[in-house]
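>>> Sequence and predicted structure are below.
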Amino acid sequence: MSQEVQEALTDLWMYHMRHGAFEEAWKKSDKDLKARVGQPCWHWPRHFQYIWDGTPLAGKRVLVRCYHGLGDTIQFIRYVPLLKEMAKEVMVWAQAPLIPLLETVPGINQLLPLHDGTPEVAYEVDVEIMELPHVFRTTLATIPAQSPYLHVDSIHLSPNNGLTKVGLVWKAGDWDERRSIPFSYLAPLAELSGIQLYILQADAPANGWDGKSGIYPGNFNLSDYARLVKGLDLMITVDSMPAHLAGALGIPVWTLLHLEADWRWMVNRNDSPWYPTMRLFRQTEASDWTGVIQRVANELKKISK
């Protein structure tokens, strides 16, 4: 199969997912699964590897490998309770910083810290966590969208001054810089009345924070970061792990998206079927965040205390 054909087929899967035609996407995934029988991928970077070979998971000891990003694990760990209903045992091999949070997810028999070697556990079937929607042949109507599905106690961010507590994140990972927004574009949000802005961007000073807009509580481990998010009235963030975290914790979250956003955010929607508490604010022109932030500011004025 030529590279051109592979790329075209991948785009077809993306097209179906973006347009909510999940059933069609799974038909494409079924064909891919058959086509790759006997073709090893262990030499690829882990996030490109396919794991599930189509073996039924019912009654089996199942290992769930988390080979993508933190946000991906947070989004798709929601499938574990469903998996546990059919599997004999569920082991999750996940990023170590996430393990305290994942301990709050029912149905996990063993949580193992992910590393570069091989998992130290016996299993009968393995699956990558982002393959679980295919396993369950999820549709828009059957997305397990209960909220929250991660649980922490909140940290009180400041004395109760009656202001709406809003967290802000503007910098995503480097693999797609279109997701990030220069802080200077967002700094005026701190001046809105009734708003207390909390700077929840990791390494904020090194990522453009001006040192004066909002309150910067510093860096935290992921568990304490989740507790901070739990204490918010609203999270405003670019497409990065904090968006998934806030959604999984059941916190209202406004996610700011560039024009060609990731498939999971679909198209022509200002909500997300994955997260009931999420609103999506999309660019209408490539690279233009001005309109997005103006809409955010207008909506903040409506909810500020």
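Thanks, I have it.
>>> How many residues are close by the closest residue to residue 211 other than its chain neighbours?
Spatial nearest neighbour of residue 211, excluding adjacent residues (C-beta to C-beta, 6 or more residues apart in numbering): residue 205 at 6.6 Å. In this view, the C-beta of every residue, glycine as well, is placed from N, C-alpha and C. By the criterion of other C-beta atoms under 10 Å, residue 205 has 11 neighbours.
>>> And the contacts of stretch 119-132?
For stretch 119-132, contacts defined as C-beta atoms under 8 Å, 6 or more residues apart in numbering pick out 49-52, 55-57, 60-68, 72-73, 76-77, 79, 83, 91-94, 110, 112, 135.
>>> ah, wrong one, I meant stretch 188-204
157-158, 161, 163-171, 183, 207, 209, 213-217, 219, 225, 228-229, 232, 235-237, 242, 293, 296-297, 300-301, 304-305.
>>> Would you show me how to pick out the buried ones of those residues in PyMOL?
Here is the PyMOL selection string for the buried members of the contacts of stretch 188-204, based on 16 or more other C-beta atoms under 10 Å:
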select buried, resi 157+164+165+166+167+168+169+170+171+183+209+213+214+216+217+225+228+229+232+235+236+237+242+293+296+300+304
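>>> Let's see which of the contacts of stretch 188-204 end up in helices.
Members of the contacts of stretch 188-204 lying in helices (criterion: DSSP state H): 183, 225, 228, 229, 242, 293, 296, 297, 300, 301.
>>> The fourth one touches residue 246, doesn't it?
Yes: taking C-beta atoms under 8 Å as the contact criterion, residue 229 and residue 246 are neighbours in contact, 5.4 Å apart.
>>> Would you mind listing the residues touching both of these two?
Common neighbours of residue 229 and residue 246 (C-beta under 8 Å, 6+ apart) are 167, 235.
>>> could you show me where the helices are in the stretch 1-150 of the chain, in order?
3-18, 22-35, 70-76, 80-86, 99-102, 132-135 (DSSP state H, counting those that start in this stretch).
>>> what's the closest of those to residue 145?
helix 70-76 (11.0 Å; C-beta to C-beta).
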